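**Student:** sharing a sequence plus its predicted fold:
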Amino acid sequence: MFEPASRPSAGLAVRATRVLLSPWSRLSLLVFVLAAAGTLVVLYEPQRLLSDGWPTAQLGGAAAVLLYAVAYGACTAAFVPRPILNLAAGALFGSQAGLVSALAGTVLGAGIAFTLGRLLGQDALRPLLRGRVLTAADSQLSGHGFRSMLAIRLFPGIPFAAANYCAAVSRMGYTPFLLATAVGSIPNTAAYVVAGARAGSPTSPAFLIAMGFIVITGLIAAAVAWRKRHGLRRA
């Protein structure tokens, strides 16, 4: 006898669920999560904890490296700059273990950001991809995902987190995205890790080579960005 009264409640629950799971609601949640993460980074500066207060003495070598990789991934998804984390990895663990930890954290952080962007932002943002520049970028990432992401990682002109969330809006698959991130991040990550490991001897060949590589890749990225910018202006 109470069945008719329950039907409006069930319909209201269905409509509320649809609203909460709608593309724009999920996008709003993504914006809130990213804003909260960025605010926490500014207020608490977790990169200082990773570099200055990391409990390497209380943990075994492998456990400390693994835990650092997990913390690294969470921090990069929250916009902490990777160069700081890479330098800290080298200073804490040395060149080899630091590189393993930094690369693992890089792939993990990229995967976290890509998943958040894909689940919460893609459906709302893809219909907004209009204009020559946006459609060309989307076509490049969607059709040539591995090659495009590999180039972005090799010449870091685009911020790491921004590249992750932009790739998530495209139709690029997880496998080419993560594989290109792992392969393309090796040279630049290794340079920063070695620089961090050899920071105590700034005149050593390893430190000078690492810093030279960082400067050269930075100049190349700036030149490419300048050329692209002028090309877009002409278009």
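**Tutor:** That came in fine, so what should we check first?
**Student:** hey, let's count contacts and neighbours off CA atoms from now on
**Tutor:** Fine.
**Student:** for the closest residue to residue 198 other than its chain neighbours, which residues are in contact?
**Tutor:** In space, and not counting its chain neighbours, residue 198 is closest to residue 207: 5.6 Å by Cα to Cα, 6 or more residues apart in numbering. With contact set as Cα atoms under 8 Å, 6 or more residues apart in numbering, residue 207 has these partners: 194-195, 198-199, 201.
**Student:** name the helix or strand for residue 207, please.
**Tutor:** Residue 207 belongs to helix 205-234 when assigned by DSSP states H and E.
**Student:** buried stuff in that helix?
**Tutor:** Under the neighbour-count criterion of 16 or more other Cα atoms under 10 Å, helix 205-234 has 206-208, 210-211, 213-214, 217-218, 221 buried.
**Student:** narrow the contacts of residue 207 to those in helices?
**Tutor:** Residues of the contacts of residue 207 located in helices (DSSP state H): 194-195.
**Student:** show me the contacts for the spatially most central residue of the chain.
**Tutor:** The centre of the chain sits closest to residue 161, judged by Cα atoms, centre = their mean, with a distance of 3.6 Å. When contacts are counted by Cα under 8 Å, 6+ apart, residue 161 is found next to 76-79, 110, 113.
**Student:** which of the residues you listed sits closest to residue 91?
**Tutor:** residue 76 (18.3 Å; Cα to Cα).
**Student:** and the closest one, how many neighbours does it have?
**Tutor:** Neighbours of residue 76 under the rule other Cα atoms under 10 Å: 23.
**Student:** so it sits against residue 86, correct?
**Tutor:** No - using Cα atoms under 8 Å, residue 76 makes no contact with residue 86, being 10.9 Å away.
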